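K.L.:
Kindly return the folded structure for what I paste below:
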Amino acid sequence: MKLTPLEIKKQDFKVKVRGFDPSEVEAFLEMVSEEFEEILNDRKRLNDEVIKLKTQLRDYQQVEKTLQETLMNAQESVTQSKENSKREAQIILREAELKAERILDEARGKIDKMKNELNILRSQKESFSKRLKHLLESQIELIRVLEIDDVVNGDSLSRKGHSRPESAQDR
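P.N.:
Model (predicted):
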């Protein structure tokens, strides 16, 4: 059975001979009633505070959960960003390596082409030099032959006694 402060105040007792002093009993009941009312008020206030604290606790737990989720998402995002950055770096590095390889291949090709052209030019120079040498040798030989002819013809002219100028005049 639950008592209220009002029930305590209104409680009546039977009067008997050699019983308690009614004014003391009433004063005591008044004091108990006030204390009981204060206890009930404290209890209500504490219950209200417990409800308020439970609500705050739920709110804080929700905030904590949200923060944990946010932290996890941020960590996942950082991890993904790192992985994406690594992949992009690998792609860029691979593209740079391929480009460098192409440049080297082109340079090697140009070097080979220049070597071939140089060999062709050397061959042409050698061929031209040989032909020129051969031509000069032929010309020198021709000059020798002509000189020999002149010498031989000159001797025969002097033996014939100026017959050659006459034959030149006949023509």
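K.L.:
Model confidence at Ala168, what's the number?
P.N.:
Ala168 is assigned a pLDDT of 44 by the prediction.
K.L.:
Revised request: answer the last question for Pro165.
P.N.:
Model confidence at Pro165 (pLDDT) stands at 48.
K.L.:
Repeat that for Ala100.
P.N.:
Per-residue confidence at Ala100 stands at 97 (pLDDT).
K.L.:
which secondary structure elements does the strand or helix carrying it contact?
P.N.:
Per DSSP states H and E, Ala100 falls inside helix 22-160. Using 3 or more Cβ pairs under 8 Å, 6 or more residues apart in numbering; DSSP states H and E as the contact definition, the elements that helix 22-160 packs against are helix 5-10, helix 163-170. No exception for glycine: its C-beta is placed from N, CA and C like everyone else's.
K.L.:
same thing but at 7 Å, please
P.N.:
Helix 22-160 sits against helix 5-10, with contacts defined as 3 or more Cβ pairs under 7 Å, 6 or more residues apart in numbering; DSSP states H and E.
K.L.:
So which residues make contact with the helix it packs on?
P.N.:
Contact with helix 5-10 is made by Leu29, Glu30, Val32, Ser33, Phe36, Glu37, Leu40, as judged by Cβ atoms under 7 Å, 6 or more residues apart in numbering.
K.L.:
Of those residues, which is the nearest to Val151?
P.N.:
Leu40 (161.5 Å; Cβ to Cβ).
K.L.:
contacting residues around that closest one?
P.N.:
For Leu40, the contacting residues are Pro5, by Cβ under 7 Å, 6+ apart.
K.L.:
Could you check how far it is from Glu7?
P.N.:
Distance of Leu40 to Glu7, given as Cβ to Cβ, to the nearest Å: 12 Å.
K.L.:
Ok, Gly154 next?
P.N.:
Gly154 sits 176 Å away from Glu7, going by Cβ to Cβ.
K.L.:
Next: Asp21.
P.N.:
Separation of Asp21 from Glu7 (Cβ to Cβ): 22 Å.
K.L.:
So for those two, which residue has more residues nearby?
P.N.:
Neighbours were tallied for Asp21 and for Glu7 using other Cβ atoms under 10 Å; the higher tally belongs to Glu7 (12 against 9).
K.L.:
Now do the same for Val15: its pLDDT.
P.N.:
pLDDT recorded at Val15 is 72.
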